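Peer 1: Build me a model from this:
(one chain, ligands or ions: 1)
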Amino acid sequence: MASSKVCKERFDAAVTYLGAIGIQRETVSPVLTNLLELYDHNWEFIEADDFRVLTDAIFDEPDRKEEQQRQANKRKNLDSDHCKKKLKIKHHSRKPTSKVRVNEKRELAEAPLQQEAGPQTVCATGNTLQLSSSRLPIEETGMEINVLKDTLTDEDSSALSLQGQELPTFETPLAVMCPPVQDSSHQRAYNDAHNKSIIELDYTYSEPRESGMLQIVPAMDFLPKPSVPNQAGSSCMPPNNSMIHGGICPSSATAGEQSSSSNMLVIAKPKGPAHDVNDITKGEEHVRIPIINEGGNGILPPPFHYIPRNITFQNAYVSLSLARIGDDNCCSDCFGDCLAEPIPCACAAETGGDFAYTRDGLLKEEFLNSCLSVLPKFYCKICSRERVKIVNSESPNAKVNPCKGHPIRKFIKECWSKCGCARNCGNRVVQRGISRHLQVFLTPGEKGWGLRAAEELPWGAFICEYVGEILTNNELYERNNQMVSNGKHTYPTLLDADWVTEDVLEDDHALCLDGTFYGNVARFINHRCSDANLIVIPVEIETPDHHYYHPAFFTTRQIKPFEELIWDYGLDFDDVNHPVEAFKCCCGSEFCQDKRNI
Ligand SMILES: C[S@@+](CC[C@H](N)C(=O)[O-])C[C@H]1O[C@@H](n2cnc3c(N)ncnc32)[C@H](O)[C@@H]1O
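Peer 2: Just a heads-up that it's a prediction; the model follows:
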């Protein structure tokens, strides 16, 4: 067991942590003492996940005491109808003031909620919900959950009416948490800290390709308007740290004004991490990137894990080896800013002996122009994209189609850890991450979500790199097959800029990045045929062999504030087998390649 000094330090650390979210030492100490006894001073367990066990125990404490009281009352044979004092969800004859509409494509899951004949009442105690009466209507074309306000009795703190014929079935039972009854600031802090919503409904969400949004389209008009306007006048911007599951916009329930029942928040909770609408990166980048939905309908992008750097999914081979970086691939003798030196160092060799960047961190005009010119294509003998189909085919007669070609791109090589220069060396741009002000926004057309500038951007400015899971071609093929069989698609980009150097690539060297489940804001960049305002340039940072590299987006012209950032995916709209789904293009370009638009 740890020494008493260490224990005291750990005790104080716990008190300080909980203090930071507004919970007093007097509240923490007895619960922590109990827990230590209960778990035999297993500090690791108590400290895990930001003191989750302790935080849960503190918020369960009122329930525990209440249960003790209830048992005591029972023993004394007293009337203990506590449900009357709790949140009620009940059949109500009044006209509902607000509705949550659920689109007919919503998947209703197998596990039915327990149903009883006759009216039922729902009592919520703390975070749990007991259904004893409610009815949810499911129309043929949709489902309505009517959320009532002004339905409080003197005893009630808020009420929710689920009106209709029968209870629907959900994958997980509905979970309802009433607005904080005893200690709202603590509960709010806890919700923020542990990413809990006030009321959560499970749902499934649509593929962005269909509409760029979830298929549950709740009208949250009963929720007060946000208190913090954003630059673009969005109606979907709550104060700091509003963690919201994809689907609907946050509201006052996280905005801190919870005095009336109308502040009840209903959140459709998808499978996946919640979004912070103030910063989709959740602090992973140097700048905050908010989610803007000017439609005021509260819809958010489907959930995904925000990652600022690529992560290998499973089999991809990415060689991160200092030994493989030779003297001609780094500048160990440099110091400070390589761009300030009169003679370019070895790291400029990749770009013909001259650096690609200006001292302002922009692409040099000449370099950018050469990237923008029509690129020659390389055709593989046996294309890895085709081979993967044969390898996975059950038919012995499956044929290898000819390679469709891969544009031969110019690489930029940045200085890196084996170089002697400083972190702020001018030849380190992409590796320093996003620095421009950006927004993820719901496009007004059919493209779903997009990325836009929140400031004026100059020509040749770095925006972001394409980040995702590093997959082998084979893994992408398998993932695509699985997704397509579920009517979904992936968001991959092939790392094929250097396939030209090898006739036949080993599968674990033919890589791609998939931003579907893990990605950064690049996963929101929409396609534009030909005249896009972004170009993607392969950037070598830590791996000289170019099987793996960083596809980085740069502006191809000056960008106005709030202009959408778009990139030419290089799609062949006739190629039905391309790993990127050939959607019906709505880019609006006069050079649109989608023949369906002609
Ligand atoms: C990488 S994602 C871009 C973000 C996406 N719009 C979203 O809502 O998450 C690519 C998908 O966006 C949609 N998309 C992108 N560009 C488009 C365009 N020009 N026309 C129609 N849909 C587009 C397509 O559904 C495509 O599969």
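Peer 1: tell me, how many neighbours does the one residue in the stretch 251-400 of the chain that gets nearest to the ligand end up with?
Peer 2: In the stretch 251-400 of the chain, the residue that lies nearest the ligand is residue 301 (5.9 Å; CB to the nearest ligand atom). (C-beta placed from N, C-alpha, C; glycine too.) The tally of other residues near residue 301 (other CB atoms under 10 Å) stands at 23.
Peer 1: isn't it right up against residue 291?
Peer 2: Yes: with contacts counted by CB atoms under 8 Å, residue 301 reaches residue 291, the gap being 6.8 Å.
Peer 1: Spell out which residues of the protein are next to the ligand.
Peer 2: Applying CB under 6 Å from any ligand atom, we find that the chain lies next to the ligand at 208-209, 212, 301, 446-450, 489, 491, 523-524, 526-527, 581, 583, 585-587.
Peer 1: Tell me which residues are up against stretch 561-574.
Peer 2: The contact list for stretch 561-574 (CB atoms under 8 Å, 6 or more residues apart in numbering) reads 231-232, 404, 407, 438-439, 441, 443, 450-456, 463, 525-530, 532-536, 553, 555, 559, 578, 580, 582, 585, 587, 593-596.
Peer 1: any residues in contact with both of residue 301 and residue 291?
Peer 2: Residues touching both residue 301 and residue 291 (CB under 8 Å, 6+ apart) are 275, 280, 440.
Peer 1: Out of those, list just those in strands.
Peer 2: 275, 440 (DSSP state E).
Peer 1: could you redo the shared contacts of residue 301 and residue 291 as CSV and give each row distance to residue 483, neighbour count and pLDDT?
Peer 2: What follows is the shared contacts of residue 301 and residue 291, written out as CSV (distance: CB to CB, whole Å; neighbours: other CB atoms under 10 Å; pLDDT from 0 to 100):
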residue, distance to residue 483, neighbour count, pLDDT
275, 21, 25, 95
280, 22, 24, 98
440, 22, 22, 98
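Peer 1: about what we covered before: can you classify the residue of the stretch 251-400 of the chain closest to the ligand by secondary structure?
Peer 2: Under DSSP: H, G, I helix; E, B strand; the rest coil, the three-state class of residue 301 is coil.
Peer 1: same question, residue 8
Peer 2: helix.
Peer 1: before we move on, what about the one 3 residues further on?
Peer 2: The three-state assignment at residue 11 reads helix, by three-state DSSP.
Peer 1: Just give the closest residue to it, not the sequence neighbours.
Peer 2: The shortest distance from residue 11 to any non-neighbouring residue, by CB to CB, 6 or more residues apart in numbering, is to residue 32 (6.6 Å).
Peer 1: Now do the one you found against residue 361, distance only.
Peer 2: Noted for residue 32: a distance of 49 Å to residue 361, by CB to CB, to the nearest Å.
Peer 1: same check, this time on residue 275
Peer 2: 30 Å.
Peer 1: Residue 340: neighbouring residues, count only.
Peer 2: If you count neighbours by other CB under 10 Å, residue 340 ends up with 12.
Peer 1: same for the host helix or strand of residue 476, what does it pack against?
Peer 2: Using DSSP states H and E, residue 476 sits within helix 473-485. Contact partners of helix 473-485 among helices and strands, from 3 or more CB pairs under 8 Å, 6 or more residues apart in numbering; DSSP states H and E: helix 384-392, strand 492-494, strand 511-519.
Peer 1: Return the most buried member of these.
Peer 2: strand 511-519 (a mean of 23; mean count of other CB atoms under 10 Å).
Peer 1: Given it, what are its sheet partners and their directions?
Peer 2: Strand pairing for strand 511-519, determined by DSSP bridges: strand 305-306 (parallel), strand 468-472 (antiparallel), strand 492-494 (antiparallel).
Peer 1: pLDDT of the longest one, averaged?
Peer 2: In this model, strand 468-472 has an average pLDDT of 96.
Peer 1: can you check the first one too?
Peer 2: Strand 305-306 shows an average pLDDT of 98 in the prediction.
Peer 1: Following element in sequence after that strand, please.
Peer 2: Sequence order places strand 311-312 as the next helix or strand after strand 305-306, per DSSP H and E.
Peer 1: now for that following strand, which elements pack on it?
Peer 2: Using 3+ CB pairs under 8 Å, 6+ apart: strand 311-312 touches strand 468-472.
Peer 1: ok, and what's touching the strand it packs on?
Peer 2: 307, 310-316, 318, 479, 491-493, 507-508, 510-520, 523, 548.
Peer 1: ok, now with 7 Å
Peer 2: By CB atoms under 7 Å, 6 or more residues apart in numbering, the residues outside strand 468-472 that reach it are 310-313, 315-316, 318, 479, 507-508, 510-515, 517-519, 548.
Peer 1: Who are the packing partners of the host helix or strand of residue 31?
Peer 2: Using DSSP H and E, residue 31 sits in helix 25-38. Based on contacts counted as 3 or more CB pairs under 7 Å, 6 or more residues apart in numbering; DSSP states H and E, the elements that helix 25-38 packs against are helix 4-20, helix 43-75.
Peer 1: Could you dump these into a markdown table with mean neighbour count and mean pLDDT added?
Peer 2: Formatted as a markdown table, those follow (neighbours: other CB atoms under 10 Å; pLDDT from 0 to 100):
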| stretch | mean neighbour count | mean pLDDT |
| --- | --- | --- |
| helix 4-20 | 15 | 84 |
| helix 43-75 | 15 | 73 |
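Peer 1: Which segments of this structure make up each domain?
Peer 2: Segmentation of the chain into domains, based on the TED database, reads 1-58, 305-375+410-597.
Peer 1: most packed of those domains?
Peer 2: Buried most deeply of the domains of the chain, by mean count of other CB under 10 Å, is domain 305-375+410-597, with a mean of 18.
Peer 1: so what's residue 358 up against?
Peer 2: Going by CB under 7 Å, 6+ apart, residue 358 touches residue 364.
Peer 1: if I look at it, how far off is residue 462?
Peer 2: Distance of residue 358 to residue 462, given as CB to CB: 12 Å.
Peer 1: Could you do residue 409 as well?
Peer 2: Applying CB to CB, the value for residue 409 to residue 462 is 16 Å.
Peer 1: which residues touch stretch 418-437?
Peer 2: Residues from elsewhere that reach stretch 418-437, judged by CB under 7 Å, 6+ apart: 285-287, 308, 322, 325, 330-339, 347, 355, 357, 359, 361, 414-415, 453-455, 457, 461-465, 539, 541, 550, 552.
Peer 1: mind listing the strands for the stretch 351-500 of the chain?
Peer 2: Per DSSP state E, counting those that start in this stretch, the stretch 351-500 of the chain carries strands over the ranges 377-378, 406-407, 412-413, 438-442, 449-453, 462-465, 468-472, 492-494.
Peer 1: What does the pLDDT read for the residue in the stretch 351-500 of the chain that the ligand sits nearest to?
Peer 2: Residue of the stretch 351-500 of the chain nearest the ligand, by CB to the nearest ligand atom: residue 448 (2.7 Å). Residue 448 is assigned a predicted lDDT (pLDDT) of 95.
Peer 1: Could you do residue 542 as well?
Peer 2: Taking residue 542 on its own, its pLDDT is 95.
Peer 1: Could you confirm it falls within a helix?
Peer 2: No: counting by three-state DSSP, residue 542 falls outside a helix, being coil.
Peer 1: Let's test this: name the helix or strand in the chain with the lowest mean pLDDT.
Peer 2: When each helix and strand of the chain is scored by mean pLDDT, DSSP states H and E, strand 175-176 comes last, with a mean of 24.
Peer 1: tell me how far the ends of stretch 399-412 are from each other?
Peer 2: 37 Å (CA to CA, to the nearest Å).
Peer 1: who's in contact with that stretch?
Peer 2: By CB under 7 Å, 6+ apart, stretch 399-412 touches 350-351, 356, 370-371, 375-380, 382-383, 386-387, 390, 496-497, 499-500, 537-540, 546, 549, 570, 572, 575.
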